[in-house]
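*Asks:* Here is a sequence with its predicted model. Questions after.
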There are 2 protein chains.
Amino acid sequence: MNDYTLYYWPLPFRGQFVRAVLAHAGATWDEPSMDEVIALKALPPQEQPVPFMGPPVLVDHAEGVTLAQMPAILSYLAGKTGLMPEGPAQVALTLKVVDDANDVLDDITRFGGRSMWTTGEWETFTEERLPRWMQIFEALGARNGLTEEGGTLLGTPAPGLADIVTAVLWFTMAEKLPGIDAMLEAEAPRVAALSRRMMATPALKTLKDDTDTRFGQAWCGGMIEASIREMLG
Amino acid sequence: MNDYTLYYWPLPFRGQFVRAVLAHAGATWDEPSMDEVIALKALPPQEQPVPFMGPPVLVDHAEGVTLAQMPAILSYLAGKTGLMPEGPAQVALTLKVVDDANDVLDDITRFGGRSMWTTGEWETFTEERLPRWMQIFEALGARNGLTEEGGTLLGTPAPGLADIVTAVLWFTMAEKLPGIDAMLEAEAPRVAALSRRMMATPALKTLKDDTDTRFGQAWCGGMIEASIREMLG
């Protein structure tokens, strides 16, 4: 029996944040098949274990709790596994990092592929909003003393939820999508370095290798991943 | 001197959730002009009081804290003003309600008006996702015993963050956008009733009247509000 069950697509994207927190905490989990995810998502809300629109959905078997919404799941797991910082302001800034990461995913995928990218819109996005998102993470880190040696919100001696989320967001995008790496290095060098350090820790390195084996170069999947790759190509 | 400063557009939409929590808590706040919001948003991230992409931004003057991201702000205020339930699972479900509300706003506005509605897409949305969102709130309330007399997550004896967020989301949409009221009554009668009860409490009633005076029938604003109204009309 595993500690948790994670319902998510066979992709990194939003589910990778949940996997990373579970892996970092040394928890065990299983992931039902894509058919089971589809079936759960298609149930009427009143028949779902928690009424939800889209995965990830996490079941905590020991507590008998089922949750949806990536930020809510991460907050729950961070509280349970000691990944939240001390003090309400630092907690709120950690949640802000999670919400920002969630928005970056929505932004680059146009809210789950609601429309495909055109060349002109992609150029504007990669000249304005995408570098600005990187700068936002960099500025938040810098504001809180982030260097190669540490920091008070990102880069804390014991990594917290904000570190894991930042690393999973930017390292995964930089690795899976061509050209993002160079932009991140230029716009957010401290965040790029932090993300590499975090993903080199044993639990996250093992997760990364496992993810590469399971999903190859896939990131968000679907027609919108094809659209992003067409723009990057 | 007010307790807080809220930077947000002169509209209900995402900022209304922050206003409602502040009003319910009896806090005082000022709202800088739209020009000031635009100027703050346009600053380089390293010069912003908190690096952010879009408002709401909240300044807590007593604590010297500045926050962005609606869910992070609400979580912070709920912790400070006693609006969070007891127990990690109930807290996580409250955060899920906030995240769902945030997603409903993104969904109906196509992530801030990234594209406009077409008749076919709007029909699909209002036949599938929008009623499903309502059913998700209804099922979560029902699962937790929501009736006219009370409930354990929504409709608790002392209203919590989940009640305020649910009410602000659905009452405001139902009031500002024609046709939503009837759909909510059909798909989520308990949520519709809870939302009316909550918005009739003195602090939220005063806020509602003030909002109507300030913003009239405007909801999310911009070209996307015109697109939504064209579809509804």
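*Replies:* Thanks, I have it. Residues are numbered from 1 along each chain as shown, chains lettered A, B, ... in the order given.

*Asks:* starting at the chain centroid, how far to stretch A:78-92?
*Replies:* Remark: stretch A:78-92 is offset 18 Å from the chain centroid, using CA atoms, centre = their mean, to the nearest Å.

*Asks:* do stretch A:130-150 as well
*Replies:* 17 Å.

*Asks:* Same question for stretch A:211-229.
*Replies:* 14 Å.

*Asks:* How about A:Asp106: what's its closest non-neighbour residue?
*Replies:* Distance criterion CB to CB, 6 or more residues apart in numbering or on different chains; nearest residue to A:Asp106, sequence neighbours excluded, is B:Phe111 at 5.9 Å. In short, each C-beta sits where N, CA and C put it, glycine included.

*Asks:* Am I right that the one you found is in contact with A:Arg110?
*Replies:* Yes. With contacts defined as CB atoms under 8 Å, B:Phe111 counts as touching A:Arg110 at a distance of 6.7 Å.

*Asks:* next one: phi and psi at A:Val59?
*Replies:* Dihedral angles of A:Val59 (phi, psi; degrees, to the nearest 10) stand at phi -110, psi 120.

*Asks:* So what pairs up with the closest residue to it other than its chain neighbours in the strands?
*Replies:* In this structure, A:Val59 finds its nearest non-sequential neighbour in A:Thr5, 4.2 Å apart by CB to CB, 6+ apart. A:Thr5 has these beta-bridge partners by DSSP bridges: A:Asp30, A:Val59.

*Asks:* Kindly state the pLDDT recorded for A:Thr5?
*Replies:* Per-residue confidence for A:Thr5 comes out at a pLDDT of 98.

*Asks:* What is the neighbour count of it?
*Replies:* Using other CB atoms under 10 Å in any protein chain shown, the number of residues around A:Thr5 comes to 18.

*Asks:* list the contacts for the spatially closest residue to A:Gln90 that is not a sequence neighbour?
*Replies:* Counting by CB to CB, 6+ apart, A:Gln90 lies nearest to A:Leu153, which is 6.3 Å off, once chain neighbours are set aside. Shown in contact with A:Leu153 (CB atoms under 8 Å, 6 or more residues apart in numbering or on different chains): A:85, A:90, A:93-94, A:140-141, A:143-144, A:146, A:160, A:162.

*Asks:* Just put those in TSV and tack on neighbour count.
*Replies:* Shown next, in TSV, are these (neighbours: other CB atoms under 10 Å in any protein chain shown):
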residue	neighbour count
A:Pro85	19
A:Gln90	18
A:Leu93	25
A:Thr94	25
A:Leu140	27
A:Gly141	26
A:Arg143	19
A:Asn144	16
A:Leu146	25
A:Gly160	23
A:Ala162	32
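
*Asks:* Looking at the residues you listed, spot the one nearest chain B.
*Replies:* Nearest to chain B out of those is A:Leu140 (CB to the nearest CB; 4.9 Å).

*Asks:* List phi and psi for that closest one.
*Replies:* Backbone geometry at A:Leu140, expressed as degrees, to the nearest 10, gives phi -70, psi -40.

*Asks:* Make CSV out of the contacts of A:Leu153 and add pLDDT and secondary structure.
*Replies:* What follows is those, written out as CSV (pLDDT from 0 to 100; DSSP: H, G, I helix; E, B strand; the rest coil):
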residue, pLDDT, secondary structure
A:Pro85, 97, coil
A:Gln90, 97, helix
A:Leu93, 98, helix
A:Thr94, 98, helix
A:Leu140, 98, helix
A:Gly141, 98, helix
A:Arg143, 95, helix
A:Asn144, 95, coil
A:Leu146, 95, coil
A:Gly160, 98, coil
A:Ala162, 98, helix
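
*Asks:* Which elements pack onto the helix or strand hosting A:Arg132?
*Replies:* Following DSSP states H and E, one finds A:Arg132 within helix A:130-143. Contacts defined by 3 or more CB pairs under 8 Å, 6 or more residues apart in numbering or on different chains; DSSP states H and E place helix A:130-143 against helix A:88-108, helix A:161-176, helix A:180-187, helix A:189-199.

*Asks:* Turn the ones you listed into CSV, columns for distance to A:Ala72.
*Replies:* Below are those laid out as CSV (distance: least, CB to CB, whole Å):
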stretch, distance to A:Ala72
helix A:88-108, 9
helix A:161-176, 13
helix A:180-187, 27
helix A:189-199, 22
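
*Asks:* Which of those has the highest mean neighbour count?
*Replies:* Greatest average neighbour count among the helices and strands packed on helix A:130-143 goes to helix A:161-176 (a mean of 25), per mean count of other CB atoms under 10 Å in any protein chain shown.

*Asks:* ok and it relative to helix A:130-143, angle-wise?
*Replies:* Between the axes of helix A:161-176 and helix A:130-143, defined by axes from the mean of the first three to the mean of the last three CA atoms, to 10 degrees, the angle is 140 degrees.

*Asks:* Which neighbouring elements make contact with helix A:161-176?
*Replies:* So helix A:161-176, by 3+ CB pairs under 8 Å, 6+ apart, packs with helix A:13-24, helix A:70-80, helix A:88-108, helix A:130-143, helix A:180-187, helix A:189-199, helix A:202-215.

*Asks:* right, and the helix or strand after the third one?
*Replies:* Following helix A:88-108 in sequence order, the next helix or strand is helix A:110-113 (DSSP H and E).

*Asks:* Can you spell out which helices and strands pack onto that following helix?
*Replies:* By 3+ CB pairs under 8 Å, 6+ apart, helix A:110-113 packs against helix A:222-232, helix B:110-113.

*Asks:* Just the buried positions in the lowest-mean-pLDDT helix or strand in chain A, please.
*Replies:* Scoring the helices and strands of chain A by mean pLDDT, DSSP states H and E places helix A:110-113 at the bottom, with a mean of 90. Neighbour-count burial for helix A:110-113 flags A:110-113 (criterion: 16 or more other CB atoms under 10 Å in any protein chain shown).

*Asks:* any idea how far A:Lys80 lies from chain B?
*Replies:* Applying CB to the nearest CB, to the nearest Å, the value for A:Lys80 to chain B is 7 Å.

*Asks:* no wait, A:Met34
*Replies:* Distance from A:Met34 to chain B, by CB to the nearest CB: 21 Å.

*Asks:* winner for burial among the helices and strands packed on helix A:110-113?
*Replies:* helix B:110-113 (a mean of 18).

*Asks:* and after it, which helix or strand comes next?
*Replies:* helix B:119-124.

*Asks:* Any idea how far stretch A:157-175 is from the middle of the chain?
*Replies:* With CA atoms, centre = their mean, you get 8 Å for stretch A:157-175.

*Asks:* Can you show me the CA trace of it as CSV?
*Replies:* Extracted in CSV, the C-alpha atoms of stretch A:157-175 (Å, rounded to 0.1, in the frame of the first residue of the first chain):
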residue,chain,number,x,y,z
PRO,A,157,19.2,25.9,4.1
ALA,A,158,16.4,23.3,4.3
PRO,A,159,14.6,23.6,0.9
GLY,A,160,11.0,24.6,1.2
LEU,A,161,8.0,24.4,-1.0
ALA,A,162,9.0,27.6,-2.9
ASP,A,163,12.3,26.0,-3.9
ILE,A,164,10.7,22.8,-5.1
VAL,A,165,8.1,24.7,-7.1
THR,A,166,10.5,27.1,-8.6
ALA,A,167,12.9,24.3,-9.6
VAL,A,168,10.2,22.1,-11.1
LEU,A,169,8.7,24.9,-13.1
TRP,A,170,11.9,26.3,-14.6
PHE,A,171,14.2,23.3,-14.8
THR,A,172,11.5,21.2,-16.5
MET,A,173,10.6,23.9,-19.0
ALA,A,174,14.2,24.6,-19.7
GLU,A,175,15.0,20.9,-20.2
